[in-house]
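In: Provided below for reference: sequence and predicted model.
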Amino acid sequence: MDETTLEQQGIRRLKACRVQKANWVIDFRECYFFTAPHRMRNVTSETKQPKTHLHDEVELNTDLGFDLAQEFVTEVVNTYMPEGQPWCERGPGMFLSDDAWQKVSDDVRKGDQKIFSAMKASNLYPELTKSFYPDLAIGTVGLWIEQPHPSQPITCWAIPLRELECNLGPYGEIDDRFAIRYTRNGYVREIVGEDIWAKIEATLPETAKVVTEKPNEDTEVRFGFWRLWQKFDDEWWQHVVYVGDKLVHDVELKGCGCCPLNVGRWNPSADWPWGLGPLIQGLPSLRQIDELEAMLIENVEKHVAPPIGFPDDSFAAVEQGLESGMAYPIRPGTEGAIKPIYNPGPPDAGVYQYEQKEHRLRRLFFIDFPKQTGDTPPTLGQWLDEIARAQRRIGTPGLPFWREVPAKIFLRFQYLLEKNKTIPELKVDGVGVSLQPRNPAQAAAEQQEVGMAVKAIQILGGAFPEEFKVQIDGKATMEAILQKMRVTMLKFRAPEEVQQAVAQISQLVAGRQRPQGQEAPGGAAVSSPQ
């Protein structure tokens, strides 16, 4: 495929992405209105952002959206990507034999530890909060992960909705993806890199001259990626870079995790490339809460300073209300004419409706923590059941999120560390090993398997003690349980040390069971303690 055709193909793909996004622009802007009114709400990538802050014609009356979006991001991060825990691990792929897995399992565990060490050394977690708030609650997030130089740590930066364009692939996943950035000319060279900048100087000298001579002006830079599905030997991506509408760089990337632009969705559908997050789903309730908040404020204001009526021949200049501590002249005979026109009703119904809407929104955002509903405190079992039920609810829409965001982040770090030789690319007999990331839900299922095994040990060991000890390999069983529990700090003795320890224990047991006065091996009489 020649360069002209590839340039036109990228432009066509970007145009299709923008058509998909046009159907969601109004919802995106309203979501920003309720959760981030100071954010740039021109969410289309076709024009650069205005330099001045947007002032809304309608006043926001509630701050509930701020709280909901922040708590939702916190809940999702702590559930799927807790900073202090290894929230992902590599396991054997579909076609990897048990023997091959045993050969590389130790190297896999060591590599996983280095991957998480690299995550902590990078700016991943600070940048996740920038990427997720409030875009994750809206439904779609973008994150760029790259290592600018082998001597530098891996760098991440958020791609907001206004810079992100994407479209669905043949199997319903995110395929075409673009990051459109209007950046200051002084940063163009840094963003594209020295190799691409050399191509810009060679192919677009006039553009390079403008970028160099006018550092404070803006230039549109487009980074595009799409899968090359016709290649089956590995995961291949087409990468293109545009300056305006001109293609300045193209390359084919190979390997799982080779694409630096990660796009993920919360609660995706089969029809759109944009996720249907709880913020979009809760827009009707947020609108009603905003109106109820305004009504409650107005009701309180009428209680504090109710409207009054007065005779127009009594005194003047009270149309704007009465001030505290002021004295006003009143004509004799009209003292009782000044009075409230009506008494506003109690705000109980509005407060109840507000609380109901807030409760439903908190449930929608998966932050409706277990609460004591009656006078009697719940039992520990009831409390744990409520927590387990909440975790199951967040797991349903969160499963595709985990596959598209945390798992892809893990694979991206693995790819970069293998590229700079920090961790080895695992092979058995010269053939690459197929591995797959596993999420905490799989680890939790294995923990349940451990519980069932312990229960079986208790039942069988109590019912058939002699047969159980003969039939079950104790060491192999302990190793399997520790592996399932992800415990690595317990170490087994060497076989000769085990035999020596067993012999010593046997002698101690035999000595305790020998009758008083009976000679021990060696001729000495053994007496039992008094």
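Out: Everything's here; your move.
In: Which neighbouring residues are in contact with K469, exactly?
Out: Listed by Cβ atoms under 8 Å, 6 or more residues apart in numbering, the contact set of K469 reads G461. Every residue, glycine included, has its C-beta placed from N, CA and C.
In: again, only using 6 Å
Out: The neighbourhood of K469, defined by Cβ atoms under 6 Å, 6 or more residues apart in numbering, contains no residues.
In: Does it belong to a helix, a strand or coil?
Out: For K469, the reduced secondary structure class is helix; criterion used: DSSP: H, G, I helix; E, B strand; the rest coil.
In: Okay, it and L460: tell me how far apart.
Out: Using Cβ to Cβ, to the nearest Å, one gets 10 Å for the distance from K469 to L460.
In: what do the two both touch?
Out: Contact with both K469 and L460 is made by no residue, according to Cβ under 6 Å, 6+ apart.
In: what about L411, helix or strand, and which?
Out: Of the helices and strands defined by DSSP states H and E, L411 is found in helix 406-419.
In: what's that helix in contact with?
Out: The contact list for helix 406-419, computed with Cβ under 6 Å, 6+ apart, reads 80-81, 88, 115, 118, 145, 147, 154, 255-258, 262, 423, 425, 437.
In: Same check on stretch 28-47?
Out: 25, 49, 54, 65-66, 69, 134, 138, 161-163, 165, 180, 279, 286.
In: Between those, which has the least confident prediction?
Out: Taking the contacts of stretch 28-47 together, the minimum pLDDT is found at L54 (66).
In: N299 is in contact with P347, isn't it?
Out: Yes: with contact defined as Cβ atoms under 6 Å, N299 and P347 form a contacting pair (4.6 Å).
In: Nearest residue to I115 in space, please, no chain neighbours.
Out: Taking Cβ to Cβ, 6 or more residues apart in numbering as the measure, I115 lies nearest to F413, with 5.0 Å between them; neighbours along the chain are not counted.
In: ok, the one you found to W237 distance?
Out: F413 sits 17 Å away from W237 when distances are taken as Cβ to Cβ.
In: Between these two, which has more neighbouring residues?
Out: Residue environment comparison for F413 versus W237 gives the larger neighbour count to F413, 26 against 21, counting by other Cβ atoms under 10 Å.
In: how close does the more buried one get to S122?
Out: Using Cβ to Cβ, F413 is found at 8 Å from S122.
In: cool, L435 as well?
Out: 22 Å.
In: Return the subset of the contacts of helix 406-419 lying in helices.
Out: Assignment to helices by DSSP state H places the following of the contacts of helix 406-419 there: Y80, I115, A118.
In: need these in JSON lines with neighbour count and pLDDT, can you?
Out: Below are these laid out as JSON lines (neighbours: other Cβ atoms under 10 Å; pLDDT from 0 to 100):
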{"residue": "Y80", "neighbour count": "21", "pLDDT": "87"}
{"residue": "I115", "neighbour count": "24", "pLDDT": "93"}
{"residue": "A118", "neighbour count": "20", "pLDDT": "93"}
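In: Now list the buried members of the contacts of helix 406-419.
Out: Buried by 16 or more other Cβ atoms under 10 Å: 80-81, 88, 115, 118, 145, 147, 154, 255-258, 262, 423, 437, out of the contacts of helix 406-419.
In: Out of those residues, show me where the pLDDT dips lowest.
Out: With pLDDT as the yardstick, P437 is the minimum among these, at 79.
In: show me the contacts for that one.
Out: Under the criterion of Cβ under 6 Å, 6+ apart, the contact list for P437 reads C88, R90, A407, F410.
In: how about a cut-off of 8 Å?
Out: Taking Cβ under 8 Å, 6+ apart, one finds C88, E89, R90, G91, A407, F410, L411 in contact with P437.
In: export the residues you listed to JSON lines and tack on distance to K484?
Out: What follows is the contacts of P437, written out as JSON lines (distance: Cβ to Cβ, whole Å):
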{"residue": "C88", "distance to K484": "17"}
{"residue": "E89", "distance to K484": "12"}
{"residue": "R90", "distance to K484": "16"}
{"residue": "G91", "distance to K484": "12"}
{"residue": "A407", "distance to K484": "21"}
{"residue": "F410", "distance to K484": "21"}
{"residue": "L411", "distance to K484": "24"}
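In: Please identify the one among these that lies nearest to D233.
Out: Relative to D233, the closest of those is L411; by Cβ to Cβ it sits at 17.7 Å.
In: And the closest one, how far from I115?
Out: Applying Cβ to Cβ, the value for L411 to I115 is 9 Å.
In: quick revisit: now, the buried ones among the contacts of helix 406-419 that are in strands?
Out: Cross-referencing those with the strands (criterion: DSSP state E) gives I145, N262, P437 as the overlap.
In: I'd like those as a markdown table, with distance to C31 appended.
Out: Formatted as a markdown table, these follow (distance: Cβ to Cβ, whole Å):
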| residue | distance to C31 |
| --- | --- |
| I145 | 25 |
| N262 | 21 |
| P437 | 30 |
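In: returning to what we had before: just the buried ones from the contacts of stretch 28-47?
Out: Going by neighbour count (16+ other Cβ under 10 Å), those have G65, F66, A69, P134, I138, L161, R162, E163, E165, I180, L279, L286 buried.
In: So which of those residues are in helices?
Out: Among the buried ones among the contacts of stretch 28-47, the subset assigned to helices under DSSP H consists of G65, F66, A69, I138, L279, L286.
In: can those residues go into CSV with extra columns for distance to V188?
Out: Formatted as CSV, these follow (distance: Cβ to Cβ, whole Å):
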residue, distance to V188
G65, 36
F66, 35
A69, 33
I138, 29
L279, 34
L286, 39
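In: S97: which of those residues is nearest?
Out: I138 (43.8 Å).
In: Was I right to think the closest one contacts I280?
Out: Yes: I138 lies in contact with I280 (Cβ atoms under 8 Å); the separation is 6.1 Å.
In: Overlap of the contact sets of these two?
Out: Once Cβ under 8 Å, 6+ apart is applied, the residues that I138 and I280 both contact turn out to be D27, C31.
In: mind listing the helices for the stretch 351-500 of the chain?
Out: Taking DSSP state H, counting those that start in this stretch, the helices of the stretch 351-500 of the chain run over residues 380-404, 406-419, 440-463, 465-471, 474-484, 495-513.
In: domains of the protein?
Out: With domains defined by automatic domain parsing, the chain comprises 3-282+396-419, 439-512.
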